[in-house]
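# 3D, please:
(one chain, ligands or ions: 1)
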Amino acid sequence: MLHSLLPAQFVSQNLQTPCRCPECERRFVYQDGVMSLAHYREVDSGKVGQALICFCSTTCLLGWEHPTMLGLMH
Ligand SMILES: [Zn+2]
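Numbers count the residues shown, from 1 in each chain. Just a heads-up that it's a prediction; the model follows:
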């Protein structure tokens, strides 16, 4: 269970995982990024979904989200 993890173990193992920013495609590790509930459109169905997505910066998060979708999150 998540609450049973020691924070030090989580930082040393999981947050060093490399990933690629979906907005600017820059490579970074999770601990340097910004995690947010964000919206995306499925290519096949055109439906809008939600997921936790990690971006390299807050700037890229704001660039990814349509302004009207950001309004729905508050
Ligand atoms: Zn980025």
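# contacts, neighbours, all on C-alpha from now
Will do.
# wait, residue 37 sits on residue 52?
Yes. In this structure residue 37 lies within contact range of residue 52 using Cα atoms under 8 Å: 4.4 Å.
# can you check the pLDDT for residue 67?
On pLDDT, residue 67 comes in at 80.
# ok, now residue 30?
What the model reports for residue 30 is a pLDDT of 88.
# change the start of the numbering to 2 and stick with it
I'll keep to 2 as the first residue from here, and by that count the last item is residue 31.
# that one reaches residue 18, doesn't it?
Yes. With contact defined as Cα under 8 Å, residue 31 and residue 18 form a contacting pair (5.9 Å).
# of the two, who's got more company?
Relative neighbour count places residue 31 above the other of residue 31 and residue 18, with 20 against 12, counting by other Cα atoms under 10 Å.
# of residue 38 and residue 53, who's got more company?
A direct count of neighbours by other Cα under 10 Å for residue 38 and residue 53 places residue 38 higher, at 13 against 10.
# what comes up buried for the one helix or strand the more buried one maps to?
Using DSSP states H and E, the secondary-structure element containing residue 38 is strand 35-42. Of all the residues in strand 35-42, those buried under the rule 16 or more other Cα atoms under 10 Å are 35, 36, 39, 40.
# between the residues you listed, which is nearest the ion?
Of all the buried residues of strand 35-42, the one with the least separation from the ion (Cα to the ion) is residue 35, at 9.5 Å.
# ok, the closest one - contacts?
When contacts are counted by Cα atoms under 8 Å, 6 or more residues apart in numbering, residue 35 touches 55, 56, 57, 58, 59, 62.
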